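Colleague: sequence plus predicted model, see below.
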Amino acid sequence: MDIGCANGLLLESVASWCGERGLRLVPHGIDLVSELVALARERHPMHAENFEVANVLDWRPRRRYDVVRVSIEFVRPPDRRQMLRHVHDDALARGGRLIACHYASRDEPLADVAALLREAGIAVGGIGGADGVALAYGDRPLSAEGPASPSPA
């Protein structure tokens, strides 16, 4: 699941990279902008129904995902911890991985994404980044409370 999927290009790239390694990725995405979701559906015609217009803050996932990627810059700083907790608890399958990213503009400092995950009560499994991007990930334990049905990203 790519939250803030835009035109679906990242999912197309990740699916290709997975395919090169013998893995199959079924793309899913949400975005707030309907025109971008339409482009993602065009880019992924075999999975067009997996893309929807939604605001992550009040999104009610129809299923749970093994991998969820979200960019925090699309959410106001005061709402970021709550958003991460919501995605972790409501969209992530048991044993799934939440990847949180921050893509900074040239004049903006990078957020401490790992600290945001910790503040949301999510154990950090690793951190990474590149020029202008920070990321951290946390895994949902296999023993998490509530229903979960493992599913593709």
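Modeller: Perfect, thanks for sending it.
Colleague: which residues in this protein form helices?
Modeller: Taking DSSP state H to define them, one finds helices in the chain at 9-20, 34-43, 80-91, 113-119.
Colleague: adding distance to residue 65, mean neighbour count and mean pLDDT, write those helices out as CSV.
Modeller: For every residue, glycine as well, the C-beta is placed using N, CA and C. Formatted as CSV, those follow (distance: least, C-beta to C-beta, whole Å; neighbours: other C-beta atoms under 10 Å; pLDDT from 0 to 100):
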stretch, distance to residue 65, mean neighbour count, mean pLDDT
helix 9-20, 12, 14, 95
helix 34-43, 16, 17, 98
helix 80-91, 6, 19, 96
helix 113-119, 17, 19, 96
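Colleague: for the ones you listed, give me a markdown table that also has distance to residue 70.
Modeller: Formatted as a markdown table, the entries for the helices of the chain read as follows, by distance: least, C-beta to C-beta, whole Å:
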| stretch | distance to residue 70 |
| --- | --- |
| helix 9-20 | 12 |
| helix 34-43 | 15 |
| helix 80-91 | 6 |
| helix 113-119 | 10 |
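Colleague: so what's the most centrally placed residue in the chain up against?
Modeller: In the chain, the C-alpha nearest the mean C-alpha coordinate belongs to residue 69, at 1.9 Å (C-alpha atoms, centre = their mean). For residue 69, the contacting residues are 1-3, 10, 99-101, taking C-beta atoms under 8 Å, 6 or more residues apart in numbering as the criterion.
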